[in-house]
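**Q** Structure here, sequence nowhere to be found:
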């Protein structure tokens, strides 16, 4: 058995390790069992002591509770206290019985006997008697029991006994805990001692293994090192061992002997091999040179392949030129280079400064070098002295070579010139020939780029042409897949870019189109027939396209045929919304005009027939004639509207433009409308003092007559009609707002179109030809103005008219508005129409006017502005008449010399002249008479050495 283990190192190691593991496990298990047994016994003892402590504490708590409840009963007499005392009595009896069975020591039984004695005395003697005294109201007897019979003392004694017993139990628990800590410390000391023992044992085992295995192996390794170093070894130890080390030593000894025997033979062979090695070295050198050449050729081929690949895979001109010069620089080992594309004179450079590039472009195109390249069609090299910028840190002169390579097209037309430079060296003839071959590849790439640019330009041009067409165009193949389309078709398909539709299948794009068309079955049937050539020649289909605005589309198709082969189908989508609307408007116009003309004609014919066939009273005849006159006037208005539209379209409408105040025009229109519209309230809000316009009064009146009458007509239930006059920097703005039916958002875009009427039954009842707003727009446009509208259904409409602002021509009649303004003439006249007429007459002669209808307001402004002249009526509104005004003016300091022209219906010229008037005109008179009188007096009057010359009116336009 002993030799069995000596024959194997592995067996020895196993035995040693197993022995160590057994010792380790045995010690650990023993220590663990000891610790568990110790802990369980002490924990059991602690648990028992703790239960006893809890029992004592519970008993104290129950006795205290009984004491409190009994005192509560004696104090308050509540039976609930007695109930709880009864419950606690039973609990105490149960706990005492349990305690008696569990704890049997003398001390435990002594405490138990004392508590039992107390409970028996208390519950069966003292407490029942005290309760009886309480019920009988004998409180003194209860107090006597507590003091004389020792009731209170007994309670305290038993509680003290329990406190003392509780302290003893707690002390016993503490002693057990102390004992547990001591035992635990002893157990840990034993455990650590065992660990130290096992560590020492482990080191002992390691030392033994090193002695048995490590030292022999180290000595054998030393012998191996000696043999490796060429030392002679005579003896190998451990050959007498039976294990693996002995076997290894024996084998090693045999190997040494074999090596020593073969050493001489190896030396001889080595000399022979050395000779062969020299021969192999020579052959290896030749192979290395051949390999280097092959690698260089391979790199050259790779660079050429990369060059061809790089210049053939890009269609961007700048990138292509940059790639050509970069790759040529790498292949030719050049220091810098340039390629110049003759068409467009575009260049790409590497290693050249902007100054060198500009110098080349300025001189080379007109040099003889380019002529030589064109004539010879061959590359040539120029040797030159290296420039200072190329020398760098070298101060000695040396040569550089510039190689000029022409690039010709297949038609032998020169396309470009490439210039390469080697600083400090030149190009060989073989290299020049090789690079000339590369130039042909460059030419092919440039020609390919030219073809691509031409085709791309044609494609872009064709795309722009298709996108400029107002019809949607779609080209599909024989399977219905989209090949191409334009922007208009893209809009119909509700997409942003036609490229999104390219290659879209038939089902996909027709489904998308079907989603925008109501009742799309017939449309899809038409498209399918177009794809399969089932439609008749020239046939088309009309459908409505749904969206924010209704659009009417006409669709037709044509087959695309080449060499008798159908390539696809062209489908055209033509937007005929305008034509469709015009047709509808024409139909509506015919209906409307028929109604509007026939209605007054029927009245005229009917009343005329009555007058011809019957004898009528004079008042009846007058009534019929009045009706006939009104209807004739209505017909005349309709015909005038048609004529106005015709004249405006042909440009033959004449306008008599003068300077006017817009306010009187609007007031006249309101006065006319107020007569026939009792339900409406007209309100004019003046927010500006600049009320002058330059235009035709009749046409302006027609504008506001149409707008205000529409506000009345389309407010059938009445309401406010608000006219607001305001201005911005460049325009006089008039807003006309009503509270009527309102206009749909979809109709506002067509509102000013001829013959257009909103399709609504409420409006149909009101009537009209649809020409009024079209005429208004044309008149406003001729006056360099603009009209717009804002409206909501059921909330009314606001029409806004803008005219160019006229500066400093008319000043509004109030002290506030005239303050700071230039005023030449003040008109004091209560007749608004006559005042407006005089104002327009004087404004045409360049005067700045202020107008008032009362003498009181006028006197304040006269004192503020000191005008050049005053036009005065005698009969005025307010407290003062004209005579009083002239007397006041003549008495005011500095106002005596202001010429006053009286304009009155009273023929009292002498009285006026006596009061100091410069002129007196009796109404009616021509306004030009007044102007002539004023000019005559003012031209004869000197003021501060100057003659007053009226200014030309100024105005601003957009």
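**A** In hand now; what should we look at? Nothing here was measured: the structure is a model prediction, and the numbers come from that model.
**Q** from here on, contacts and neighbour counts on C-alpha atoms
**A** Fine.
**Q** Could you chop the protein up by domain?
**A** Domain assignment of the chain by automatic domain parsing yields the ranges 6-201, 238-306, 314-455, 469-575, 663-804, 810-939.
**Q** Name the nearest residue to residue 681, ignoring sequence neighbours.
**A** Nearest residue to residue 681 in three dimensions, chain neighbours excluded: residue 720, at 4.7 Å (Cα to Cα, 6 or more residues apart in numbering).
**Q** Then residue 487?
**A** residue 467 (5.2 Å).
**Q** Go ahead and confirm that neighbour touches residue 484.
**A** No: Residue 467 lies out of contact with residue 484 (Cα atoms under 8 Å); the separation is 11.4 Å.
**Q** element containing the residue nearest to residue 487?
**A** Element membership of residue 467, judged by DSSP states H and E, is helix 429-468.
**Q** what mean pLDDT would you report for that helix?
**A** Helix 429-468 comes out with an average pLDDT of 82.
**Q** Same question for stretch 26-37.
**A** Across stretch 26-37, pLDDT averages out at 81.
**Q** so where do the strands sit in the stretch 301-450 of the chain?
**A** Secondary structure of the stretch 301-450 of the chain (DSSP state E, counting those that start in this stretch): strands at 336-341, 346-350, 380-385, 399-408, 414-423.
**Q** Residue 775: how many residues sit nearby?
**A** Applying other Cα atoms under 10 Å, we find 23 residues neighbouring residue 775.
**Q** any idea how far residue 871 lies from residue 859?
**A** For residue 871, the distance to residue 859 equals 13 Å [Cα to Cα, to the nearest Å].
**Q** So these two - more neighbours on which side?
**A** Just comparing residue 871 and residue 859: by other Cα under 10 Å the higher neighbour count belongs to residue 871, 23 against 19.
**Q** before we move on, the earlier item: got the strands of the stretch 301-450 of the chain as JSON lines, with mean neighbour count, distance to residue 578 and mean pLDDT columns?
**A** Formatted as JSON lines, those follow (neighbours: other Cα atoms under 10 Å; distance: least, Cα to Cα, whole Å; pLDDT from 0 to 100):
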{"stretch": "strand 336-341", "mean neighbour count": "22", "distance to residue 578": "52", "mean pLDDT": "91"}
{"stretch": "strand 346-350", "mean neighbour count": "19", "distance to residue 578": "50", "mean pLDDT": "90"}
{"stretch": "strand 380-385", "mean neighbour count": "15", "distance to residue 578": "70", "mean pLDDT": "87"}
{"stretch": "strand 399-408", "mean neighbour count": "22", "distance to residue 578": "58", "mean pLDDT": "89"}
{"stretch": "strand 414-423", "mean neighbour count": "21", "distance to residue 578": "54", "mean pLDDT": "90"}
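**Q** how about residue 875, what does it touch?
**A** Residues in contact with residue 875, defined by Cα atoms under 8 Å, 6 or more residues apart in numbering, are 830, 881, 882, 904.
**Q** Pop out the phi and psi values for it.
**A** For residue 875, the backbone dihedrals (degrees, to the nearest 10) come out as phi -90, psi 110.
**Q** again, but for residue 661
**A** Main-chain torsions, residue 661, degrees, to the nearest 10: phi -90, psi 130.
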